[in-house]
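Asks: sequence first, then the predicted structure:
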Amino acid sequence: MASRFIDFMLSRISPPIAELKGPPPSEEEIATMLRVASRVPDHGRLEPWRFILYRGEAREKAGALLADLAERTEGPLSETRRNQELTRFSRAPLVIGVVSSPKEHPKIPQWEMFLSGAAAAMNLVHAANALGFGANWITNWYAGSEEGRRLLGLAPHERVVGFVHIGRFEGSVPDRPRPDLSAVASDYTGPWQA
Ligand SMILES: Cc1cc2nc3c(=O)[nH]c(=O)nc-3n(C[C@H](O)[C@H](O)[C@H](O)COP(=O)(O)O)c2cc1C
C-alpha cells in the first residue's frame, strides 16, 4: 500500500490543459476532490481558503469577461488573442479556483494562511489524479489583476492560489528533469552566512 502511494506520488505529472477532455467529473467525484482539498493543515482552523467551480456555461461567461477586460486594457485584440481569452476557462470541462481567503487573526500570520491554500490546491490535484483525471494548476495574468480577480468572483481581500483545470486525459506526458536532491536538501550546519 505504502509503495503504491509512493509510486503514485513519484509518477505524478500535469498534462497540457488543451488535452483535458470531458465528460466532466460527477458530482460525487467533485465532492470527493473538495473534501480531500479541504483536508489540509490549517493553523488555527481558520479555513482561510475557498473553492470556486467554473463549469458548464459559467466557463464561457468567465472567458467573455476576461476577453472584454483584456480589450479594455490592451485595446482591440486580434481574433486569435480574443479567442484565447474567450476559451481560458472552457478548455477543460472543469476548473476549480482555489482562493486564498485570509482571516484577521491576532497571532497567526497571513503567510501561513496562504501556505494552507497551496496545500489545498496540491491536495486537489492529487485527488483529481487519484480519481483518474488529469489536472493542471495555473494562475495566469488574470490572477495578478485586481479587476480580473473581481470578474472571476473573488473579493478584494482574496487572492488566487490557482485555477486547477481538471479533465480526462488519455495521452502521456514526457517527464521533465526533476530536482537534484543534493541541490535542494542539506543537513543543517549553523546560521546562514552570505
Ligand atoms: C502557483 C502556480 C502557478 C502556476 N501558474 C502557471 C501558469 O500561469 N501558466 C503555466 O503554464 N503554468 C503554471 N504553473 C505550472 C503548471 O502547474 C505546470 O504545468 C506544472 O509545473 C508542471 O509540473 P508537473 O508536471 O510536475 O505538475 C503554475 C504552477 C504553480 C505552482
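Replies: Yep, it's here.
Asks: so Glu71: helix, strand or coil?
Replies: Recorded secondary structure, Glu71: helix (DSSP: H, G, I helix; E, B strand; the rest coil).
Asks: run through the residues that contact it.
Replies: Leu77, Arg82 (CB atoms under 8 Å, 6 or more residues apart in numbering). In short, each C-beta sits where N, CA and C put it, glycine included.
Asks: just give me how far stretch 82-91 sits from the chain centre.
Replies: Here stretch 82-91 is found 17 Å from its chain centre; the criterion is CA atoms, centre = their mean, to the nearest Å.
Asks: show residues contacting it.
Replies: 17-18, 20, 54, 58-60, 62-64, 66-67, 70-71, 77, 95, 140, 142, 163, 165.
Asks: out of those residues, which sit inside helices?
Replies: Residues of those located in helices (DSSP state H): Ala58, Arg59, Glu60, Ala62, Gly63, Ala64, Leu66, Ala67, Ala70, Glu71.
Asks: near the ligand, which residues of this protein?
Replies: Applying CB under 6 Å from any ligand atom, we find that the chain lies next to the ligand at Ile13, Ser14, Asn136, Trp137, Ile138, Thr139, Asn140, Gly162.
Asks: could you redo the last one with a cut-off of 5 Å?
Replies: Ile13, Ser14, Trp137, Ile138, Thr139, Asn140 (CB under 5 Å from any ligand atom).
Asks: which stretches of this structure form helices?
Replies: Taking DSSP H, the helices of the chain run over residues 2-10, 27-38, 58-74, 79-86, 110-130, 146-151, 181-184.
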